[in-house]
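Participant: Quick one, structure for this:
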Amino acid sequence: MLWIMRFSGFFLAVMVMIVLSPSLQSFPPAEAIRSSNLDSYLRLPSYQVSTSQPSLEDRFSFRIASDFRNADECGFTDNKITGVCDPSLAHVAITLDVEYLRGSIAAVHSILQHSLCPENIFFHFLVLETNLETLVRSTFPQLKFKVYYFDPEVVRNLISSSVRQALEQPLNYARNYLADLLEPCVRRVIYLDSDLVVVDDISKLWSTNLGSRTIGAPEYCHANFTKYFTGGFWSDERFSGTFKGRKPCYFNSGVMVIDLVKWRRVGFTKRIERWMEVQKSDRIYELGSLPPYLLVFAGRVAPIEHRWNQHGLGGDNVGGSCRDLHPGPVSLLHWSGSGKPWLRLDSKRPCPLDALWAPYDLCGHSH
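Facilitator: Numbering: from 1, shown residues only. As a prediction, the model looks like this:
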């Protein structure tokens with residue numbers, strides 16, 4: 001019986017790859033000029049036994065990504081791009097930390113691989129450790145990016161305990177401060193979590209029409225919205241009344257298109273911080289950074305197609321069990337939950353869908 005279950009899991013992964021392959025090829029790929037070092041590795045010193053903590057260089061070795069160039073349709077605008085404020089750029093923000101570094105690198109790789117105009121993408125990396133810039137540059141020599149240091153003390157006294165320790169990390173809250181961290185000339189940004197891959201041209205997500213809304217995200221109105229807050233929250237009109245006049249739906253804050261101009265004008269960072277302060281005193285939710293976003297934005301979100309966040313592939317927040325894809329087309333695969341594909345692959349106990357993440361992994365080895 002066990003071999004039958006294993007075979008069925010493998011068969012599912014193969015079938016998903018077949019189903020996904022048309023979407024992977026549905027947009028003309030960027031013309032890739034392969035580097036002569038495509039198969040070489042970023043060789044860093046091997047780990048030596050020591051009483052001190054292993055350095056970043058000791059822990060990771062990433063292959064150098066191939067050079068991705070704009071297709072003819074892009075007009076070869078690279079030479080005309082003047083900097084981060086250039087209006088022809090699409091902006092993507094991702095966090096970088098040691099625990100999720102492998103996922104972040106894979107996410108960037110997937111975006112470049114499926115973009116028609118990869119040279120027109122500018123990446124904004126939010127970090128707690130400033131020594132990551134060299135690693136990114138070595139892995140993606142042609143990448144347009146900037147590293148932003150996020151001071152953990154900004155949120156240290158605002159963070160409450162959560163159902164999973166990873167959700168309590170300060171960098172998980174850096175997305176709240178994008179409007180302050182990024183240059184004022186950056187008017188819009190796509191925020192992406194580190195545990196996902198993009199299998200479509202991200203320019204389609206970038207061009208989302210937000211209308212009068214500040215953020216856009218896939219909404220899931222069939223989900224049980226009440227479970228994201230405690231019974232005490234719903235029984236107290238001071239708190240639950242915030243949704244009066246709204247039709248709130250669940251959305252995942254790991255994939256968002258954000259109008260930074262409107263965010264700055266209204267001051268949404270302060271609104272999120274106020275709910276985090278309420279949480280410290282009244283314990284109105286159990287999850288980490290998501291509930292404040294629901295409190296501020298649910299029912300006021302520009303809807304985006306579900307294909308742009310096939311989330312939950314990491315299982316629940318405790319067991320990290322295997323999950324299937326939601327019905328419908330796929331543009332982005334998101335391993336939200338406690339199970340991460342790189343950890344499951346390394347442990348030789350992957351879920352079937354983890355095979356869809358593996359082609360974007362540039363890690364040579366990790367200890």
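Participant: In contact with V127, which residues?
Facilitator: By CB atoms under 8 Å, 6 or more residues apart in numbering, V127 lies in contact with 95-97, 147-150, 171. Heads up, the C-betas are built off the backbone N, CA and C, glycines and all.
Participant: Please disregard the earlier target; I meant D180.
Facilitator: T269 are the contacts of D180 under CB under 8 Å, 6+ apart.
Participant: Looking at the contacts of V127, which is nearest E183?
Facilitator: When the contacts of V127 are compared for distance to E183 (CB to CB), Y148 wins out at 9.8 Å.
Participant: Distance check, G312 against F68.
Facilitator: 29 Å (CB to CB, to the nearest Å).
Participant: Give me the more crowded residue out of the two.
Facilitator: Between G312 and F68, F68 has the larger neighbour count (other CB atoms under 10 Å), namely 25 against 17.
Participant: looking at it, the more buried one is touching L116, isn't it?
Facilitator: No: using CB atoms under 8 Å, F68 makes no contact with L116, being 10.3 Å away.
Participant: L333 belongs to a strand?
Facilitator: Yes: if the criterion is DSSP: H, G, I helix; E, B strand; the rest coil, then L333 is within a strand.
Participant: Could you give the bridge partners of it?
Facilitator: V197, Q310 (DSSP bridges).
Participant: list the contacts for it?
Facilitator: 196-197, 199, 310, 313, 325, 353, 356-357.
Participant: what residue ranges in the protein score low on pLDDT?
Facilitator: 1-58, 76-79, 162-167, 317-320, 365-367 (pLDDT under 70).
Participant: mind listing the helices for it?
Facilitator: 2-24, 56-59, 101-114, 133-139, 178-181, 202-206, 231-235, 237-240, 260-266, 268-282, 290-297, 341-346 (DSSP state H).
Participant: Could you list the alpha-carbon positions for the last one in CSV?
Facilitator: The C-alpha coordinates for helix 341-346 follow below in CSV (Å, rounded to 0.1, in the frame of the first residue of the first chain):
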residue,chain,number,x,y,z
PRO,A,341,10.3,23.0,-0.4
TRP,A,342,14.1,23.4,0.1
LEU,A,343,14.0,21.8,3.6
ARG,A,344,11.7,18.9,2.4
LEU,A,345,13.9,18.3,-0.6
ASP,A,346,17.0,18.2,1.4
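Participant: Packing partners of that helix?
Facilitator: Applying 3 or more CB pairs under 8 Å, 6 or more residues apart in numbering; DSSP states H and E, we find helix 341-346 packed against helix 101-114, strand 363-366.
Participant: Now tabulate the contacts of V127 in a markdown table and tack on distance to L362 and neighbour count.
Facilitator: Formatted as a markdown table, these follow (distance: CB to CB, whole Å; neighbours: other CB atoms under 10 Å):
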| residue | distance to L362 | neighbour count |
| --- | --- | --- |
| T95 | 18 | 25 |
| L96 | 14 | 24 |
| D97 | 17 | 19 |
| V147 | 18 | 18 |
| Y148 | 22 | 19 |
| Y149 | 24 | 12 |
| F150 | 24 | 21 |
| L171 | 21 | 19 |
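Participant: of all those residues, which comes closest to L178?
Facilitator: Using CB to CB, the contacts of V127 come closest to L178 at Y148, 8.9 Å.
Participant: what's the neighbour count on the closest residue to that closest one other than its chain neighbours?
Facilitator: Nearest residue to Y148 in three dimensions, chain neighbours excluded: L181, at 4.7 Å (CB to CB, 6 or more residues apart in numbering). Counted by other CB under 10 Å, the residues lying close to L181 total 18.
Participant: Return the residues in contact with L181.
Facilitator: 124, 126, 148, 150, 174 are the contacts of L181 under CB under 8 Å, 6+ apart.
Participant: Please flag which of those sit within strands.
Facilitator: The strands, defined by DSSP state E, take in 124, 126, 148 from the contacts of L181.
Participant: Could you double-check that the last one lies in contact with L126?
Facilitator: Right, the one you point to is Y148. Yes: with contact defined as CB under 8 Å, Y148 reaches L126; the gap is 5.4 Å.
Participant: check contacts around the residue nearest in space to the middle of the chain.
Facilitator: Using CA atoms, centre = their mean, the residue of the chain that lies closest to the mean C-alpha position is D193, 1.7 Å off. Taking CB under 8 Å, 6+ apart as the criterion, D193 is in contact with 94-95, 107, 254-255, 334, 336.
Participant: Mind listing what's buried along stretch 289-308?
Facilitator: Using 16 or more other CB atoms under 10 Å as the test for burial, stretch 289-308 gives 289-298, 301-302, 304, 306-308.
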